[in-house]
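*Asks:* got a structure for you, letters missing:
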């Protein structure tokens, strides 16, 4: 019964062509989305990753010095050629923005390098003779004669290390490591290492907030799911109202409630529960309370969606088959909501990881999360390399946790 | 967060109804200070130049200026900048160099108000402040008293970060104001300051925004705090019984600076010259208790206002000048150490 006009290979070709046409059509339809994702997600993340390890400032501003230092083993006395090359590079750099970037970069390694580099650059450009420099034929000894700090090998090691356009220093610093003079990787001294503990704190606060949200959100979502539609809608508005309020307004409201002579403390003292006001704010307690409040809707919404999908007949069937109601709830009803729990936990935890406004306003000095330092390096210190490196650490930690979570969730939730 | 949005919307609205008068975008720190600037500086400038001033608020974020300058799309013409940011921005080419000949020369200004890239706008101070009703037997007088929680019980407020906190810790430890930065530059000195902070840590509450310490004092959340003197004065004018301790205060200047590549450079410089007119500076000091940067303005300020200015000699005897150069060099390391100290 095969149609005689078409042989098999032709038919196969026609099918393939039709498939390609459809794929192309489909791709064309999603093309705007792909372009949008590429521009708003992949490109910024790519730039972020690149900024964390790529900093060509020293290499482009001090090319001759970089070359002269290439052969130096960082143990032997510094070659005079490097001292001469640095003067030539500084003379050639007429753009102060460029040297300013170098000074900032080096100052991160050697405190004081900023004023050293900028001072030398200014002297070379404004009145070299008065400062003992000879612009036409730089002498090696002139640098140390101008400022004794040039005799410190640490400055030159910092230049040599940063002369590579790609270097891992910011990334290492973001995980409390650094390269020593010989290029080996070492831990930073305890009184300067902060980011490991800050990352642990970020994860800890996020986990605590997620747990609290689940604890409060589960019964709440269950209660709403049992309400008749109109009253459920009213309850949902109550849940969503804080969701529509600005984070700053909510933070201010918590200050009014939780401060030393705030409403909560006054009520507790009036009720005779406590004699002295509790410290509820500008510490971890305040941060966790307010973040839980902000993030609760993100837990309630997926839970509610999952609970509404559970057929109410299941519970009735379980009870009619002889199960006590509580056991039926735990063994029949609750497992049906696992997908909602999984979604809510993931959503709240990942959102909590990025919080910084709430901890900044309601926390103490030791309650700041990693994103606070990302913002600080980006806006205040204007060290975008370091900001990107910390962001990369946060991104990596999130991805690792997400992968682990997916594995656990697949085994327990989807397998159930 | 809302204010910058509103002001940028205003900016767009103004641009939409573009008229012939040239516009000058001036960026300030907002609040009562911004309002005082409008009255004392912007309005006279608008009258004399015919230009229109568009005020934008920011929080000192130099990242905005850096992004503008690097993208060569500078929309801010004059920016109020704090001294460490000015030094750094000047080094990194974010700001135009000042043509002092157009401002009547450097001699008209206080020496500290003269910078390669900026012109002193006013002098402000970080002071110790407390509620007098809380200490009827006399309040704290020195930073050592601030650290003495037995004699003066209650929480303490300090600005979050190493800046200011370390200086005050050394003053409390008995270091003379003149030696503070010399001591802090050494490893031992920094250790000493952090040890002092550790001692007080259980009683400390760290503030982030200038409005917080005043609000905490008024709400009885802290007993003594560091605060900007202008904020305390504003609360005092509202009838709060707040007192300021000038001994051991840390003063500094804010500067006018022009972002590199501003299309209105000349107009910007004319504005800065207007803001340096003694009469205008005296008017500003009456609205906001910050000191003038031109010595001639002092004679035009009444005695009552002078009593509350950080620039008045009686208030400066035991005061300390904030050392922007020190912080430019040591800032990264000490701030990092502060973060580590807070996380311990």
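*Replies:* Thanks, I have the structure now. Bear in mind that the values here come from a model prediction, so they are computed numbers and not experimental data.
*Asks:* I'd like to know the phi and psi angles of residue A:135, please.
*Replies:* Taking degrees, to the nearest 10, you get phi -60, psi -30 for the backbone angles of residue A:135.
*Asks:* mind checking pLDDT for the closest residue in space to it that isn't next to it in sequence?
*Replies:* Among residues not flanking residue A:135 along the chain, residue A:128 sits closest, at 5.0 Å (CB to CB, 6 or more residues apart in numbering or on different chains). Using the backbone N, CA and C atoms, a C-beta is placed for each residue, glycine as well. Looking at residue A:128, its pLDDT is 91.
*Asks:* Share the number of residues neighbouring residue A:128, please.
*Replies:* Neighbour count for residue A:128, taken as other CB atoms under 10 Å in any protein chain shown: 18.
*Asks:* Could you look up the SS state of it?
*Replies:* Using DSSP: H, G, I helix; E, B strand; the rest coil, the structure places residue A:128 in coil.
*Asks:* and it, backbone torsions?
*Replies:* phi -60, psi -40.
*Asks:* isn't it right up against residue A:134?
*Replies:* Yes - shown here, residue A:128 and residue A:134 form a contact pair, counting by CB atoms under 8 Å, at 7.1 Å.
*Asks:* Going along the chain, name the strands of the stretch 101-250 of chain A.
*Replies:* According to DSSP state E, counting those that start in this stretch, the stretch 101-250 of chain A carries its strands in the segments A:177-179, A:185-187.
*Asks:* Kindly report the same for the stretch 201-344 of chain B.
*Replies:* Here the stretch 201-344 of chain B has its strands, by DSSP E, counting those that start in this stretch, at B:204-207, B:224-228, B:242-257, B:320-321.
*Asks:* Contacts only, for residue B:289.
*Replies:* Contacts for residue B:289 (CB atoms under 8 Å, 6 or more residues apart in numbering or on different chains) come out as B:229-230, B:233, B:305, B:308-310.
*Asks:* 7 Å instead, please
*Replies:* Going by CB atoms under 7 Å, 6 or more residues apart in numbering or on different chains, residue B:289 touches B:229-230, B:233, B:308-309.
*Asks:* Then residue B:101?
*Replies:* Per CB under 7 Å, 6+ apart, neighbours of residue B:101: none.
*Asks:* what about residue 298, neighbour count?
*Replies:* With no chain named, the answer covers chain A. Using other CB under 10 Å, residue A:298 has 23 neighbouring residues.
*Asks:* meant chain B actually
*Replies:* A total of 18 residues lie near residue B:298 under the criterion other CB under 10 Å.
*Asks:* before we move on, what about residue A:233?
*Replies:* Neighbours of residue A:233 under the rule other CB under 10 Å: 11.
*Asks:* pLDDT averaged over stretch B:283-293 - what is it?
*Replies:* On average, the pLDDT along stretch B:283-293 is 96.
*Asks:* start to end distance for it?
*Replies:* End-to-end distance of stretch B:283-293 (CA to CA, to the nearest Å): 13 Å.
*Asks:* Check stretch A:349-369 too.
*Replies:* Counting by CA to CA, the terminal residues of stretch A:349-369 are separated by 13 Å.
*Asks:* Pull out the buried positions in it.
*Replies:* Neighbour-count burial for stretch A:349-369 flags A:349-353, A:355-369 (criterion: 16 or more other CB atoms under 10 Å in any protein chain shown).
*Asks:* Checking the nearest residue to residue B:323 once chain neighbours are set aside next. Helix, strand or coil?
*Replies:* Nearest residue to residue B:323 in three dimensions, chain neighbours excluded: residue B:181, at 4.8 Å (CB to CB, 6+ apart). Classification of residue B:181 by three-state DSSP places it in helix.
*Asks:* And the pLDDT at residue B:181?
*Replies:* pLDDT for residue B:181: 97.
*Asks:* Would you tell me which residues of the stretch 51-200 of chain A are close to chain B?
*Replies:* Residues of the stretch 51-200 of chain A lying close to chain B by CB under 7 Å from any CB of the partner chain are A:95-97, A:100-101, A:103-104, A:107-108, A:111-112, A:114-115, A:118, A:191-194, A:197-198.
*Asks:* From those residues, keep the buried residues only.
*Replies:* When these are checked for burial by 16+ other CB under 10 Å, the buried set is A:96-97, A:100-101, A:103-104, A:107-108, A:111-112, A:114-115, A:118, A:192-194, A:197-198.
*Asks:* among the residues you listed, which are in helices?
*Replies:* Assigned to helices by DSSP state H, the following of those qualify: A:96-97, A:100-101, A:103-104, A:107-108, A:114-115, A:118, A:197-198.
*Asks:* and those, which two are the farthest apart?
*Replies:* A:96 and A:197 (37.8 Å; CB to CB).
*Asks:* low-scoring stretches of the chain, by residue?
*Replies:* Unless you meant another one, I'm taking chain A. Of all residues in chain A, those with pLDDT under 70 make up the ranges A:1-6, A:411-416.
*Asks:* You answered for a different chain; I wanted chain B.
*Replies:* Along chain B, the parts satisfying pLDDT under 70 run over B:1-20.
*Asks:* tell me the domain ranges of it?
*Replies:* For chain B, automatic domain parsing gives the domain ranges B:2-123+B:253-313, B:125-251+B:329-343.
*Asks:* Tell me the span between the first and last residue of the last one.
*Replies:* According to CA to CA, domain B:125-251+B:329-343 extends 29 Å from its N-terminal end residue to its C-terminal end residue.
*Asks:* same check, this time on stretch B:273-293
*Replies:* The first and last residues of stretch B:273-293 sit 12 Å apart, counting by CA to CA.
*Asks:* again with stretch B:81-97
*Replies:* Across stretch B:81-97, the terminal residues are separated by 14 Å (CA to CA).
*Asks:* how far does it sit from the chain's center?
*Replies:* Between the centre of stretch B:81-97 and the centre of its host chain there is 15 Å, according to CA atoms, centre = their mean, to the nearest Å.
*Asks:* What about contact with chain A: does it have any residue there?
*Replies:* Yes - using CB under 7 Å from any CB, stretch B:81-97 reaches chain A at B:91-93.
*Asks:* residues contacting residue A:119?
*Replies:* Taking CB under 7 Å, 6+ apart as the contact definition, residue A:119 lies against residue A:147.
*Asks:* I should have written residue A:203 there, sorry.
*Replies:* Applying CB under 7 Å, 6+ apart, no residues qualify as near residue A:203.
*Asks:* can you check residue B:84 too?
*Replies:* Taking CB under 7 Å, 6+ apart as the criterion, residue B:84 is in contact with B:324, B:327-328, B:331.
*Asks:* who does the helix or strand containing residue A:394 touch, helix- and strand-wise?
*Replies:* Assigned by DSSP states H and E, residue A:394 belongs to helix A:384-409. Counting contacts by 3 or more CB pairs under 7 Å, 6 or more residues apart in numbering or on different chains; DSSP states H and E, helix A:384-409 packs against helix A:43-53, helix A:169-174, helix A:195-226, helix A:338-353, helix A:370-375.
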